[in-house]
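1. predicted model and sequence below, questions to follow.
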Amino acid sequence: VQLQASGGGLVQAGDSLRLSCAASGRAFSSYDMGWFRQAPGKEREFVGTISYSGRSTYYADSVKGRFTISRDNAKNTVYMRMNSLKPEDTAVYYCAAGQYGSNPTAYDYWGQGTLVTVSS
């Protein structure tokens, strides 16, 4: 599975963005998907995950209630809607395919990342 994340950009605090992650290759619909982020000088951290069916989602406390992950298996794409963005959300965001959960080692495939910058 190859993953291509897009949709990042420069926004102001309080704005919204929608990230997309397009997958190529077989069996996208059989993979749980995750979003992670890495801020400058910090470790990569879990943001959220969605099950292969889309029925289950789980978020980090820092984004719960503001970010929403969805997927369209017919389009081989997973989305993350980010509302009420804060400067501390500034990071490179990565999508990943693998096993549902917050552990990055459970994901086998990673996209290249898309930069989100939130100005105050």
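-> That came in fine, so what should we check first?

2. and for the nearest residue to residue 102 once chain neighbours are set aside, the neighbour number?
-> Once flanking residues are discounted, residue 102 sits nearest to residue 46: 4.0 Å by Cβ to Cβ, 6 or more residues apart in numbering. From N, CA and C alone the C-beta is placed, and that goes for glycine too. Using other Cβ atoms under 10 Å, residue 46 is surrounded by 19 other residues.

3. and the helix or strand containing residue 46, what's buried?
-> Assigning secondary structure by DSSP states H and E places residue 46 in strand 45-50. Neighbour counts over strand 45-50 (16 or more other Cβ atoms under 10 Å) mark 46, 47, 48, 49, 50 as buried.

4. any weak-confidence spans in the protein?
-> Of all residues in the chain, none has pLDDT under 70.

5. what about the residue nearest to residue 25 when sequence neighbours are not counted, distance to residue 117?
-> Here the nearest residue to residue 25 in space, its sequence neighbours aside, is residue 1; by Cβ to Cβ, 6+ apart that works out to 4.3 Å. Distance, residue 1 to residue 117, by Cβ to Cβ, to the nearest Å: 28 Å.

6. between those two, which one's more packed in?
-> The neighbour count for residue 1 versus residue 117, taken as other Cβ under 10 Å, is higher for residue 1 (19 against 14).

7. for the more buried one, give its distance to residue 61.
-> As judged by Cβ to Cβ, residue 1 and residue 61 stand 28 Å apart.

8. so the spatially most central residue of the chain: helix, strand or coil?
-> The centre of the chain sits closest to residue 35, judged by Cα atoms, centre = their mean, with a distance of 2.8 Å. For residue 35, the secondary structure call by DSSP: H, G, I helix; E, B strand; the rest coil comes out as strand.

9. all good on my end, thank you.
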